[in-house]
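> coordinates only, sequence not included:
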DNA sequence: TTGAAAGCTGAACCATGATTCAAGTTCTCG
DNA sequence: CGAGAACTTGAATCATGGTTCAGCTTTCAA
């Protein structure tokens, strides 16, 4: 296992978003896993169209024809991958939160977690972004799901008195936009030795808390 | 000219980002324009790979072969288009500002202008986004250029006393992220009769000014 | 032990669509 | 007006790579 390489699909080689053709034996499950991991790398590096099925199978150390034992098409594989990644992202965010945190701390923690995850799996940007064209439904679902959970967090924060009234879907999308673009700039496109996720998240958090206006005189 | 159709390239059929093969006659300039406009629609509707050169020329009412009088390749056309759009977006933002505005008003105005522009040219999202895969350099340049101009605005705002100290590149990217995602949600993916750009921008602006924390008790 | 079922293999098939090209047609300017 | 430049045309070429397929190997349960 290299550096920021892969294996995001960890134990999940069965998933709800999985292939129509589910393996029945241990050998089959392993091959499927190999294909998914190889695909994550290949799609991440080359993008959907540059990536070729034969290259993926080569990477996975499997014969070309075997691919179609597990997926109906290149497209189906891509969708499965998007589902996997989308799921992983949400998992990581969820794990980063804890009950003791107040609303702002939660936002800081989830952003830091996201940035850390992105750093280990830079492929996600490429793959999720490309889903806009290959699997538009999944792309939209991905962001709408995340937005909903942010909105829910905002609601909870209001109820607990940490956040002001009047925050809703719109602010949730704004927050999501911040997180995505900060990740793009400081993780995916990070120059040399970039800021730590925690430092970045802290600074974003200040902006979130205070806004950018000068103190009212 | 239909509804949200096209003609973004308006008068600019010459641009810096233009094709290597520049037309020398009026007839040529018209054909080039037709190709660019047809391409904006085609790429916007079908995406880069689904779009076909022959379909673009058909749309433009030109013979297939003529395409190569103006562009070296499908790829070159796409790049030219991205340059055009990127340029147009910045133009519109710039036009929306005026000197009397304070820093926050400027942010509101530019966002409102961007949303309005996006509403008229929903293709931009699809095309700019796809540039991530077809023309990565241009994609990155697009966002970095915008971020820089936002950062400059923040600097000016600090100097004028409208904005607090400590805002820089990071906050600029955060702002850009907000704008992009708000546009995605409320313009590109707007349900029925969506909010007006001004209303959206005003609400975002409040978040920017005050943040989301509850008033310090 | 044994016969399906589950997997595996890679050469061959094929559709698609970008690009080329040779032969017109229309400008433009001296 | 005439010659060459600018532009147009669409059929033919060609590369690419996804998908199929017929036969072979491994696994598993009875």
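Yep, it's here. Just so we're clear, the structure is a prediction, and the values are computed from it rather than from any experiment.

> switch to C-alpha atoms for all contacts and neighbour counts from now on
Will do.

> which residues of chain A fall in helices?
In chain A, the segments counted as helices under DSSP state H are A:26-50, A:53-60, A:67-70, A:74-96, A:103-120, A:123-134, A:136-159, A:169-183, A:197-210.

> Please identify the most buried of the ones you listed.
Ranked by mean neighbour count under mean count of other C-alpha atoms under 10 Å in any protein chain shown, these are led by helix A:169-183, which reaches a mean of 24.

> how about the residues of chain A that lie near DNA strand C?
Residues of chain A that fall close to DNA strand C, judged by C-alpha under 7 Å from any atom of the strand: A:22-25, A:27-29, A:31, A:61-67, A:69.

> Lowest pLDDT pick from these?
Lowest pLDDT of the residues of chain A next to DNA strand C: residue A:22, 85.

> Count the residues that sit near that one.
The criterion is other C-alpha atoms under 10 Å in any protein chain shown. On that basis, residue A:22 has 16 neighbouring residues.

> got the contact list for the residue nearest to the spatial centre of chain A?
With distances taken as C-alpha atoms, centre = their mean, the residue of chain A nearest its centroid is residue A:89 (3.7 Å). Contacts for residue A:89 (C-alpha atoms under 8 Å, 6 or more residues apart in numbering or on different chains) come out as A:114, A:117.

> Return the per-residue confidence for it.
pLDDT, residue A:89: 95.

> Could you report the separation of it from DNA strand D?
With the distance defined as C-alpha to the nearest atom of the strand, to the nearest Å, residue A:89 ends up 27 Å from DNA strand D.

> How about residue A:122?
From residue A:122 to DNA strand D the distance is 22 Å (C-alpha to the nearest atom of the strand).

> Now that residue. Its backbone dihedrals?
As for residue A:122, its main-chain torsions (degrees, to the nearest 10) stand at phi -60, psi -20.

> who touches the nearest residue to it once chain neighbours are set aside in this structure?
Excluding its sequence neighbours, the residue lying closest to residue A:122 (C-alpha to C-alpha, 6 or more residues apart in numbering or on different chains) is residue A:188, at 6.2 Å. Residues near residue A:188 by C-alpha under 8 Å, 6+ apart: A:118, A:119, A:122, A:125.

> which pair in these spans the largest distance?
Between any two of these, the greatest separation by C-alpha to C-alpha is 10.4 Å, found for A:119 and A:125.

> In TSV: the helices of chain A, plus distance to residue B:100.
Listed next are the helices of chain A as TSV, based on distance: least, C-alpha to C-alpha, whole Å:
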stretch	distance to residue B:100
helix A:26-50	46
helix A:53-60	58
helix A:67-70	63
helix A:74-96	43
helix A:103-120	35
helix A:123-134	39
helix A:136-159	35
helix A:169-183	27
helix A:197-210	25
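
> So which of these is nearest residue B:206?
The minimum distance between residue B:206 and the helices of chain A falls on helix A:169-183, with 10.2 Å, by C-alpha to C-alpha.

> That closest one vs helix A:136-159, what angle?
Computed by axes from the mean of the first three to the mean of the last three C-alpha atoms, to 10 degrees, the angle separating helix A:169-183 from helix A:136-159 equals 110 degrees.

> So which elements touch helix A:169-183?
Identification of packing neighbours for helix A:169-183 by 3 or more C-alpha pairs under 8 Å, 6 or more residues apart in numbering or on different chains; DSSP states H and E yields helix A:103-120, helix A:136-159, helix B:169-183, helix B:197-210.

> Output the below-cut-off pLDDT ranges for chain A.
Applying pLDDT under 70 to chain A flags residues A:1-20, A:217.

> Which positions in it make contact with chain B?
For chain A, the contact set with chain B under C-alpha under 8 Å from any C-alpha of the partner chain comprises A:47, A:104, A:129-130, A:133, A:158, A:161-165, A:167, A:170-171, A:173-182, A:185, A:204, A:207-215.

> can you tell me how far residue A:60 sits from chain B?
Distance of residue A:60 to chain B, given as C-alpha to the nearest C-alpha, to the nearest Å: 24 Å.

> can I assume that residue is in contact with residue A:38?
Yes - counting by C-alpha atoms under 8 Å, residue A:60 sits close enough to residue A:38 to count as a contact (5.5 Å).

> Just give me the closest of the residues of chain A next to DNA strand C to residue B:109.
Distance to residue B:109 across the residues of chain A next to DNA strand C (C-alpha to C-alpha) is lowest for residue A:67, with 52.1 Å.

> Find the nearest non-adjacent residue to that closest one, please.
Residue A:67 sits nearest to residue A:57 (C-alpha to C-alpha, 6+ apart), 6.8 Å away.

> so who does that neighbour touch?
Residue A:57 makes contacts with A:35, A:38, A:63, A:64, A:67, as judged by C-alpha under 8 Å, 6+ apart.

> one more time with 7 Å
With contact taken as C-alpha atoms under 7 Å, 6 or more residues apart in numbering or on different chains, residue A:57 is in contact with A:35, A:63, A:64, A:67.

> okay, these in TSV with distance to residue A:152 next?
Putting the contacts of residue A:57 into TSV (distance: C-alpha to C-alpha, whole Å) gives the following:
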residue	distance to residue A:152
A:35	36
A:63	46
A:64	45
A:67	40
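
> Which residues does stretch A:163-172 contact?
Outside stretch A:163-172, the residues within contact range by C-alpha under 7 Å, 6+ apart are A:147, A:150, A:151, A:154, A:157, A:158, B:212, B:213, B:214, B:215.
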